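K.L.:
could you work out the structure for the sequence below:
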Amino acid sequence: MPTTIASFVDSELIPSRLSVAALVVLYSGAALLLFFLWLRADIPFVIVLFCFDLLLHENLALLTYCYAQQGRLVISRGGEIRWQMQKWHIKQVKIRNRFFLLLRISNLADSRWLLIGRDSCDEATYRALSLLCFNSVTFLPPKE
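P.N.:
Below is the predicted model of the structure:
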């Protein structure tokens, strides 16, 4: 059972089905556009195959990244995060809306984006995360 109070959030994240579906639709649309351009003879077939290969590899890399964003997430009010058995810190809250949160997190060795979709956790936890991210912006260290 996720624990949510005003000063921290402790929950289990699962991969967001909406972000995975959005990636699949976006890359399928790009592949369809390439196919129609090839049918009209605007682009040679070799270039179409090369672009299909690039799209496929990029799509698979992004899908793998989406599926890797899961696990127990603990965020405290000061912006400290425990996620995937590591300590992180929120550097930036890039996007915070009703569909997803996009956080820039970092630790001593790495810096990455953490996308938390509305369907990655239960409704109450997402609202608490959103509120905590809104409030923790004031606690973030100054930009370097």
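
K.L.:
direction included, what does the longest strand along the chain pair up with?
P.N.:
In the chain, assigned by DSSP state E, the strand with the most residues is strand 86-96. In the sheet containing strand 86-96, its partner strands are strand 80-83 (antiparallel), strand 100-106 (antiparallel), by DSSP bridges.

K.L.:
got the buried residues for the helix or strand harbouring residue 21?
P.N.:
Using DSSP states H and E, the secondary-structure element containing residue 21 is helix 17-39. Neighbour-count burial for helix 17-39, counted by 16 or more other C-beta atoms under 10 Å, picks out 19, 23, 27, 30-31, 34, 38. Every C-beta, even on glycine, is put in place using the N, C-alpha and C of the backbone.

K.L.:
residue 14 and residue 117 touch, don't they?
P.N.:
No. At 9.2 Å, residue 14 and residue 117 do not qualify as touching, with contact defined as C-beta atoms under 8 Å.

K.L.:
comparing these two, which residue is more hemmed in?
P.N.:
Neighbours of residue 14 and residue 117, each counted by other C-beta atoms under 10 Å, are more numerous for residue 117; the result is 22 against 14.

K.L.:
can you pull the contacts of that one?
P.N.:
Applying C-beta atoms under 8 Å, 6 or more residues apart in numbering, one finds that residue 117 lies in contact with 16-19, 99-100.

K.L.:
tell me the spatial nearest neighbour of it, not counting adjacent residues.
P.N.:
Nearest-residue entry for residue 117: residue 16, 2.9 Å, with adjacent residues in sequence omitted and distances by C-beta to C-beta, 6 or more residues apart in numbering.

K.L.:
buried set for stretch 93-112?
P.N.:
Buried-residue list, stretch 93-112, by 16+ other C-beta under 10 Å: 93, 96, 100-103, 105.
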